[in-house]
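J.: task: produce atomic coordinates for the following.
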Amino acid sequence: MRYYETAQIYQAERIIPSIFNSFSYEEEGPLSKDTALLLNELGEFLHSSHRYSEAEAFYKKALAINENMERPEHARTAIYLNNLALLYDSQGKYDQAELIAHRALTIQEKDLDPKPLRFLLEISGLMSYGIWSRPKYANIALSLNNLALIYTHQGKYDRAKPLYEQALDIQKKVLGSKHPRTAYILNNLASIYEGQGKYDRAESLYKRALSINEKVLGTEHPDTAMSLNNLALNYTYQGKYDLVESLYQRALDINNKVLGTEHLDTALYMTNLAALYDSQGKYDKAELLYKQSLKIREKVLGREHPRTATSLNNLAACYDEQKKYDQAEILYIRALAIREKALGREHPDTATSLHNLAVLYDSQGKHNQVELLYKQALAINKKILGPGHPHTTSTLNNLAFLYYNQEKYDQVEALYKQA
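T.: So this is what the prediction gives:
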């Protein structure tokens, strides 16, 4: 994970406009490759700041330079394609993300010698020839991981799992079983088991990742904090609440010390700890942490940022549970407006906002508004995530329950036939 310090952000913000406006595709000479690298770096910065349209432009310019100067199947082309794929993944454009990620992986497989990856994986004794020490194998592991991430975000766990396992196998051979990048993939594989409800297996992998990060990076490294956070979430799903609070607090303490009290990861850990308190009915504690997290995101990212919308959504849900419906409605509507503007009307997060607003109106008996919102959310989720995704089925069940209470039994039956 890359962490941008305040000075880096300031410097990037100063040079982005001039680079973007002055750059020419026709630039020639050895600096052109360096220009592509710089554009890619700035694209990563913009991506991390959720400035998606700007990031896309920078990534595409970097890709165009490289394709003009190198053969289309050059290894560096695959790196730029990977970044573009992850950008589309962040925006919920999964079809585009999959297509580009597959192209990146194909390029890297063809770049191997003498055999394609799937054949190499079946051959024993390769380590004795030093073949796994080559950087290109580490890049393939990254591409496999990225494609798996895209499948994971769509709830396609069966397709993601073997890719994570291949990536993990390669990473162990290239970098070793105790490397932080190995821990990163362990972490992602654990999330698959978690999504499938296999919490014990996920817990085991999270613990292995945490152990690696603590040993290699130290007990006060940001990646260690993230491992603590992930393990805490896993314990929450298992109902091991007595173990959760201390882990979140450790993660928060690390971040406050190393990255500062206004870092975005600090806001994340505050949010997760708040969710724990929320589930325990400790609404005062939850509300305070949700507000602190919201304040950080508004200051660092701005009032119209997707992560700010997430904080608004969480605080709204807390109000909703306390039957503070007027306060909840204002925040849900604001979150929905941000997501529609920043992510688009057909993004899964937009569907979540529509779903949550529908639940709120249902609690207030505003059934005409409820039906429309559920239908909109269901249409988005079916199109983007697919009919079998948990978010799709959740919205479908809620809409069916609404029809059932209204004695519209034919519509209930029609919905379940769709499922």
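
J.: contacts and neighbour counts: CA atoms only from here.
T.: Noted.

J.: CA atoms only: put stretch 384-403 into PDB for me.
T.: Extracted as PDB, the C-alpha positions of stretch 384-403 are listed here (Å, rounded to 0.1, in the frame of the first residue of the first chain):
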ATOM      1  CA  ILE A 384     -23.500  -4.800 -12.300                       C
ATOM      2  CA  LEU A 385     -23.200  -7.500  -9.700                       C
ATOM      3  CA  GLY A 386     -25.400 -10.200 -11.200                       C
ATOM      4  CA  PRO A 387     -28.600 -11.900  -9.900                       C
ATOM      5  CA  GLY A 388     -26.800 -14.200  -7.400                       C
ATOM      6  CA  HIS A 389     -24.900 -11.500  -5.500                       C
ATOM      7  CA  PRO A 390     -25.800 -11.000  -1.800                       C
ATOM      8  CA  HIS A 391     -26.600  -7.300  -2.400                       C
ATOM      9  CA  THR A 392     -29.000  -8.300  -5.200                       C
ATOM     10  CA  THR A 393     -30.700 -11.000  -3.200                       C
ATOM     11  CA  SER A 394     -31.000  -8.700  -0.200                       C
ATOM     12  CA  THR A 395     -32.800  -6.000  -2.200                       C
ATOM     13  CA  LEU A 396     -35.000  -8.500  -3.900                       C
ATOM     14  CA  ASN A 397     -36.000 -10.000  -0.600                       C
ATOM     15  CA  ASN A 398     -36.900  -6.600   0.800                       C
ATOM     16  CA  LEU A 399     -39.000  -5.700  -2.200                       C
ATOM     17  CA  ALA A 400     -40.700  -9.100  -2.100                       C
ATOM     18  CA  PHE A 401     -41.500  -8.500   1.600                       C
ATOM     19  CA  LEU A 402     -42.900  -5.100   0.800                       C
ATOM     20  CA  TYR A 403     -45.200  -6.700  -1.800                       C
END
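
J.: quick one: average confidence on it?
T.: pLDDT averaged over stretch 384-403 equals 90, rounded to a whole number.

J.: and the contacts of it?
T.: The set of residues external to stretch 384-403 that reach it, using C-alpha atoms under 8 Å, 6 or more residues apart in numbering, is 92-94, 154-155, 346-348, 355, 371, 374-375, 377-378, 381-382, 409, 411-412, 415-416, 419.

J.: which of those residues are buried?
T.: In terms of neighbour count (16 or more other C-alpha atoms under 10 Å), the buried residues within the contacts of stretch 384-403 are 92-94, 154-155, 346-348, 355, 371, 374-375, 377-378, 381-382, 412.

J.: restricted to helices, list the contacts of stretch 384-403.
T.: Of the positions in the contacts of stretch 384-403, 94, 348, 355, 371, 374-375, 377-378, 381-382, 409, 411-412, 415-416 sit in helices, assigned by DSSP state H.

J.: in the helix or strand where Ala138 lies, which residues are buried?
T.: Using DSSP states H and E, Ala138 sits within helix 135-153. Judged by neighbour count using 16+ other C-alpha under 10 Å, the buried positions of helix 135-153 are 136-153.

J.: which is the next helix or strand following it?
T.: Next along the chain from helix 135-153, counting by DSSP H and E, comes helix 157-175.
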